[in-house]
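Student: Need coordinates for the following:
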Amino acid sequence: MSDIKKDNKNITSFGCTSSGKESFCYTLRNPNGVEIAIIDYGATIQSIKIPISSGKKVDVVLGFDHVSDYEKSFTLSGAPFIGAVVGRYAGRIKNGSFKLNNDVFQLNKNLGKHHLHGGKTNFSNSFWNVISHSNNCITLEYISKDVDENYPGDLTVQVTYNLSDIDELEITYTAKTTKDTIINLTQHSYFNLDGHEKTIENQKLQVTCTEILETDEENVPTGNFSNIIDTSFDFLTFKKCPTKIDTSFVISDNSTSVATLKSTENKIQMQVFTNQPSVHIYVGGNCENKIIGKNNVNYHALSGICFETQNYPDAPNHSNFPNAILRKDETYNQKTSFKFEKI
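Tutor: Okay, the predicted model is just below:
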């Protein structure tokens, strides 16, 4: 560890990977006592600790205590991507292929015949470089080389986590490429406002969307949309968290929160804001009964809920979906925030 890291109480060693590379954990703090830990492996949110009463704090995201546990989680058949930044393209790409500038690109397939979350070697299981770090803000950078997972162009990505004085975690992504490419970044934290050791079953969810993406039997978008009114996907008013969901909700208004999660036990809620066209909500993954998280907690299918703010999955293959192409003279910009409030 460098002398700077040794002298900084907000930077600690987070252990080493199987190859011996050391990881570090960077803590953000605000005057209200909120603490957020970020590790350089996957630009991952390792913990979010929210004060609830008389000095007590609740950790509201799933995570691990050691970088080797994150590394091992990617060897599972259903890698959970716990807390990580996902890229180069979040979600499924049908048959792992897309057409760009009249050329067909065949990506690596890591979900049967499809490509998922950037492929086998992706943004989530790679080390990011820390560009800057202060008491309440950190910026990390990752450079994805041309033909990584068969994507075109050297892609330079930066993500900034900023913890505000009003208990809002603002996440800003930027990216530039040396060749035209496709991009879709998201954050894959599993939230549980009752605490990461609990179940999400008793929490309430609201989603201010009236449509979802229609998908086929392999959960790949068909290109059509479905109205959710009076269906099991209707969360326009607060309802109990679903016990299984893997669905992209279509955002029609980015001026307000797109989703809200509420804990009556801890009397806190989290609002989700984004400039993206979709929030993919995910609960009920296959944990294989092998995921032991922080503090020796046994994680299960109902341990957390994900709010993956992003473009539509498989957008490069649907002309009626939002643009997913980043040109070499453009800058990708994405912004998402999670705002915590007492209720």
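
Student: Just the element for the closest residue in space to F64 that isn't next to it in sequence, please.
Tutor: Distances taken as Cβ to Cβ, 6 or more residues apart in numbering place Y70 nearest to F64, at 5.4 Å, with adjacent residues excluded. For every residue, glycine as well, the C-beta is placed using N, CA and C. Using DSSP states H and E, the element containing Y70 is helix 67-73.

Student: who does that helix touch, helix- and strand-wise?
Tutor: Packing partners of helix 67-73 (3 or more Cβ pairs under 8 Å, 6 or more residues apart in numbering; DSSP states H and E): strand 11-16.

Student: what's the next secondary structure element after the strand it packs on?
Tutor: Next along from strand 11-16, by DSSP H and E: strand 22-29.

Student: Quick one: list the elements packing against that following strand.
Tutor: In terms of contacts (3+ Cβ pairs under 8 Å, 6+ apart), strand 22-29 is packed against strand 11-16, strand 35-39, strand 129-133, strand 137-144, strand 155-163.

Student: would TSV of the ones you listed with mean pLDDT, mean neighbour count and distance to L169 be doable?
Tutor: What follows is the helices and strands packed on strand 22-29, written out as TSV (pLDDT from 0 to 100; neighbours: other Cβ atoms under 10 Å; distance: least, Cβ to Cβ, whole Å):
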stretch	mean pLDDT	mean neighbour count	distance to L169
strand 11-16	97	17	19
strand 35-39	98	22	6
strand 129-133	97	15	15
strand 137-144	98	19	11
strand 155-163	98	20	6
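
Student: which one of these lies closest to G304?
Tutor: strand 35-39 (16.0 Å; Cβ to Cβ).

Student: Just want the angle from that closest one to strand 11-16.
Tutor: Using axes from the mean of the first three to the mean of the last three Cα atoms, to 10 degrees, one finds that strand 35-39 and strand 11-16 are set 50 degrees apart in direction.

Student: strands paired with strand 35-39, and their directions?
Tutor: strand 22-29 (antiparallel), strand 44-53 (antiparallel) (DSSP bridges).

Student: Pick the most buried one from these.
Tutor: Among the strands paired with strand 35-39, the stretch with the highest mean neighbour count (mean count of other Cβ atoms under 10 Å) is strand 44-53, at a mean of 22.

Student: Report all helices and strands that the next helix or strand after it contacts.
Tutor: The first helix or strand that comes after strand 44-53 along the chain, using DSSP H and E, is strand 56-59. For strand 56-59, the elements it packs on are strand 44-53, judged by 3+ Cβ pairs under 8 Å, 6+ apart.

Student: May I have the strand it packs on exported as PDB, CA atoms only?
Tutor: Presented in PDB, the C-alpha positions along strand 44-53 are these (Å, rounded to 0.1, in the frame of the first residue of the first chain):
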ATOM      1  CA  THR A  44     -18.300  -1.800  -7.000                       C
ATOM      2  CA  ILE A  45     -20.500  -0.400  -4.200                       C
ATOM      3  CA  GLN A  46     -19.500  -2.600  -1.300                       C
ATOM      4  CA  SER A  47     -21.800  -1.100   1.400                       C
ATOM      5  CA  ILE A  48     -24.200   1.800   2.000                       C
ATOM      6  CA  LYS A  49     -24.700   2.500   5.700                       C
ATOM      7  CA  ILE A  50     -27.700   4.700   6.600                       C
ATOM      8  CA  PRO A  51     -28.300   6.000  10.100                       C
ATOM      9  CA  ILE A  52     -31.800   5.000  11.400                       C
ATOM     10  CA  SER A  53     -32.000   5.600  15.100                       C
END
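
Student: and the angle from that strand to strand 137-144?
Tutor: Using the same axes, to 10 degrees, the inter-axis angle of strand 44-53 relative to strand 137-144 is 160 degrees.

Student: contact partners of strand 44-53?
Tutor: Applying Cβ atoms under 8 Å, 6 or more residues apart in numbering, the external contacts of strand 44-53 come out as 14, 25, 32-39, 57-61, 63-64, 70, 82-85, 124, 161, 167, 169, 187, 189, 266-268, 294, 340.

Student: hmm, which of the residues you listed are the buried ones?
Tutor: 14, 25, 34-39, 57-61, 63-64, 70, 82-85, 124, 161, 167, 169, 187, 189, 266, 268, 294, 340 (16 or more other Cβ atoms under 10 Å).

Student: what residue ranges in the protein score low on pLDDT?
Tutor: Counting by pLDDT under 70, the ranges of the chain that qualify are 1-7, 286-289.

Student: now the helices for it?
Tutor: Ranges of helices within the chain are 3-7, 67-73, based on DSSP state H.

Student: Only C-alpha atoms, please: export the last one in CSV.
Tutor: This means helix 67-73. Taking Å, rounded to 0.1, in the frame of the first residue of the first chain, the C-alpha atoms of helix 67-73 are listed here in CSV:
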residue,chain,number,x,y,z
VAL,A,67,-12.2,-9.0,-3.1
SER,A,68,-11.6,-12.7,-3.5
ASP,A,69,-15.3,-13.3,-2.7
TYR,A,70,-16.3,-11.0,-5.5
GLU,A,71,-13.9,-12.8,-7.8
LYS,A,72,-15.3,-16.2,-6.9
SER,A,73,-18.9,-15.0,-7.5
